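*Asks:* sequence and predicted structure below; questions after.
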Amino acid sequence: MSEFTVLNPATELPVTTVTQPAAADADAAITRAVAAQERWRAVAPGERAGMLRRFAAAVDAHVDELADLEVAGSGHPIGQARWEAGHVRDVLLYYSAAPERLIGQQIPVPGGLNVTFHEPVGVVGLIVPWNFPMPILAWGMAPALAAGNTVIAKPAELTPLTAIRIGELAAEAGLPDGVFQVMPGKGSVVGQRLVDHPAVRKIVFTGSTEVGREIMAGCARQIKRLTLELGGKSANIVLADADLERAAATAPYAVFDNAGQDCCARSRILVQRSVLDRFMELFEPAVKGVAVGDPAQAGTEMGPLISAAHRRHVASYVPDGAPVAFRGSAPDGPGYWFPPTVLAPVGANDPAYTEEVFGPVVTVTPVEDEAEAIAIANDTPYGLSGSIWTSNVGRAIRVARAVESGNLSVNSHSSVRYWTPFGGFKQSGLGRELGPDAPDAFTETKNVFIATE
Ligand code: TAP
C-alpha cells in the first residue's frame, strides 16, 4: 500500500501519513458493508436510533480533538472547526429521530389494500471534497445510516484526518462492524471503485461539476442512484433600497469564509449603480478588516488555501494588470496564503467573473435595476446559492423567485441549516440533502397489495 503525507496548509509541514488503500481494499470494504447491511436493516428502529445518539455523544465528547485535527490538516480557523465538529453531532442527533419515523402509506383498493414500505437502498458510497470534510461527511452519513443503509465514506485525499477519526468514534460508540467505514485514498482508485462496483447501490458525491459529470456517467451504466452537490458561482445582489451598512459589512464573510473555498461563496457582487460608490466605500474597510492568519489562534477569521497547487490556481484569476480595487492582508512566509481580493470593474468574459475561483476573490459589477440584476445572476451554468439585499419584502420575494438557485437568503448570507433542504439548480447538482425528507433519498418505496377477499 502507498502512503500519503497530509501537510498543514498554514505551515507546509507534515502532520501525519495516511495509508492509501488499493482498489482491492475498496472491494473488501464493500463486501463487509454488504454483509453488515443485512444485519443493520434488521436492527429495531429504536435501537438504531439509540446507536446514532451514542455516536453523536462520542462526537460531542471529542469536539475539541476533531477541531484541532481540522485546523492542522485543513487550515480551518479554530472557531469554525469547532462549529463544524459540533455540526456533525447535531446532524447525527437530528437524523437519530428518523429510524422511528420511516413510515409508509396504506391505500385502500378494490379487494384489499396496498401498503408501502421505505426499504434501505443497501450500500451507500459517500465521496467527500476537501473544503468541508466534516459537515459534508455528516450530511450523507447520518440520514443514510438512519434509513438502514451501510456507508463507505471516501474523504478527499488532501483532508482525510477528521473522517478517519469520526469512523473510529462510530466504532467506539458501538456501531456494528462494517456499518460505517472510512476509506481514505485517491478518487481515481477508491472513489472510482465505489462508482463502478455493482454492490454499491447509491453514490452521494460532493465536489466539482467536472468530476460530478464523470460520476453521473459511471452511475448511469448501472442505473445507480445518485445525489450530486457540485460547483457554484453565486450572486450577492445589493439593491438600492438595501441596508448598505449591513450588506457591505457582511459581504466579505459571504465570500471569504473558509478562504473562499466554499461552494456557496457569493463571489459575484451585483450592486445597483445608484449606490455603487457608497457600497464600495463601506466594503473596503470590511474587506481590510478580515482577520487572516494562524488558524489555531482564536479570533482568526480566514486561514490559508488548502495546497500550493490550489493557490496557483486561485492566483491565475488575478494576473498582473488585473483590476484589483482593494485587498485585505495575508501573512508572509510558509503557508498557502492568499489575501482577500476585490476585482472591479471586471468584464463579463473574465474567468474571475464566469468561473468558480474557489478562493478569496470576488468581483463587483454594477447593475441598472432589479431586472438586470436577475438576468446577470442567472447568466451562469451554476445555481447553488445567493443573497438578496433590499428593504422591500415584496421585492425580496419577487427576486428570490426569479433567481435560478437552490438556496437563497434575504438580508443575510447564511446557506445551510440541517433541518431545511439544500442543493443546487442547473449544473450545481442533482437532488437535495438535509431537511426532514433526506432519509427518504436513501430508501426505495416498496408497494405491497394485500387481498382482503
Ligand atoms: P473534486 O476534485 O471533484 O473531488 C471531490 C471528491 O471526489 C474527492 O474525494 C476526490 O478524491 C473524488 N474524486 C476525484 N475523482 C474521482 C473519480 N474519478 N471517481 C470518484 N471520485 C473521485 O472536488 P474538490 O476539489 O475536492 O472540491 C471542490 C469542489 O467541490 C468545488 O467545485 C465545490 O464547489 C464543490 N463543492 C460543492 C458543494 C455542494 S454542497 N454543492 C460543497 C462543497 C464543495 P481526491 O481527493 O482523491 O481527488
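*Replies:* Nice, I can see it.
*Asks:* use CA for all of it now, contacts and neighbours both
*Replies:* Noted.
*Asks:* my read: V416 touches E433, true?
*Replies:* No. With contact defined as Cα atoms under 8 Å, V416 does not count as touching E433 (10.2 Å).
*Asks:* next, show the common contact partners of the two.
*Replies:* F422 (Cα atoms under 8 Å, 6 or more residues apart in numbering).
*Asks:* more neighbours, the two?
*Replies:* E433 (25 against 16; other Cα atoms under 10 Å).
*Asks:* now that one, which residues is it bridged with?
*Replies:* F422 (DSSP bridges).
*Asks:* which parts of the stretch 351-453 of the chain are helices?
*Replies:* Using DSSP state H, counting those that start in this stretch, the helices of the stretch 351-453 of the chain run over 351-354, 370-378, 393-402.
*Asks:* likewise the stretch 201-350 of the chain?
*Replies:* For the stretch 201-350 of the chain, the helices defined by DSSP H, counting those that start in this stretch cover 209-221, 244-256, 276-288, 308-315.
*Asks:* wait, which of those helices is closest to the ligand?
*Replies:* helix 209-221 (4.7 Å; Cα to the nearest ligand atom).
*Asks:* so which residue is dead centre in this structure?
*Replies:* I136 (4.8 Å; Cα atoms, centre = their mean).
*Asks:* which non-adjacent residue is nearest that residue?
*Replies:* Of all residues not flanking I136 in the chain, V128 sits nearest, at 6.5 Å (Cα to Cα, 6 or more residues apart in numbering).
*Asks:* for the one you found, what are its contacts?
*Replies:* I136, L137, A153, K154, P155, A156, F205, T206, G207.
*Asks:* count of residues packed around the closest residue to A377 other than its chain neighbours?
*Replies:* Spatial nearest neighbour of A377, chain neighbours left out: A235 (5.6 Å); criterion: Cα to Cα, 6+ apart. By other Cα under 10 Å, 30 other residues sit near A235.
*Asks:* got phi/psi on R41?
*Replies:* phi -70, psi -20 (degrees, to the nearest 10).
*Asks:* mind listing what it touches?
*Replies:* Counting by Cα under 8 Å, 6+ apart, the residues that R41 touches are P120, G148, N149.
*Asks:* which residues touch I136?
*Replies:* Listed by Cα under 8 Å, 6+ apart, the contact partners of I136 are V128, P129, T206.
*Asks:* how much space is there between it and the ligand?
*Replies:* For I136, the distance to the ligand equals 7 Å [Cα to the nearest ligand atom, to the nearest Å].
*Asks:* from W83, how far off is that residue?
*Replies:* Distance of I136 to W83, computed by Cα to Cα, to the nearest Å: 13 Å.
*Asks:* V292 against T300, yeah?
*Replies:* Yes. With contact defined as Cα under 8 Å, V292 reaches T300; the gap is 6.0 Å.
*Asks:* could you list the low-confidence segments of the protein?
*Replies:* Scanning the chain with the threshold set as pLDDT under 70 gives 1.
*Asks:* contact residues of it facing the ligand?
*Replies:* Contacts of the chain with the ligand, taken as Cα under 6 Å from any ligand atom, map to 127-131, 154-158, 185-188, 191-192, 206-209, 211, 229-232, 263.
*Asks:* how about G328: what's its closest non-neighbour residue?
*Replies:* Nearest non-adjacent residue to G328 (Cα to Cα, 6+ apart): K288, at 4.2 Å.
*Asks:* for that neighbour, give me its contacts.
*Replies:* R327, G328, S329, P340.
*Asks:* mind listing which of these are in strands?
*Replies:* R327 (DSSP state E).
*Asks:* filter the contacts of K288 down to the buried ones and hand me the PyMOL line.
*Replies:* A single PyMOL command is used to select the members of these judged buried by 16 or more other Cα atoms under 10 Å:
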select buried, resi 327+328+329+340
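*Asks:* nearest to the ligand, of the contacts of K288?
*Replies:* P340 (18.2 Å).
*Asks:* ok, Y353 - how many residues close by?
*Replies:* The number of residues packed near Y353 is 23, by other Cα under 10 Å.
*Asks:* nope, A296 is what I was after
*Replies:* A296, neighbours per other Cα under 10 Å, totals 20.
*Asks:* residue contacts, the spatially closest residue to G406 that is not a sequence neighbour?
*Replies:* Once flanking residues are discounted, G406 sits nearest to G424: 4.6 Å by Cα to Cα, 6+ apart. By Cα under 8 Å, 6+ apart, G424 lies in contact with E229, L230, Y382, G383, L384, S385, S405, G406, N407, L430, G431, R432.
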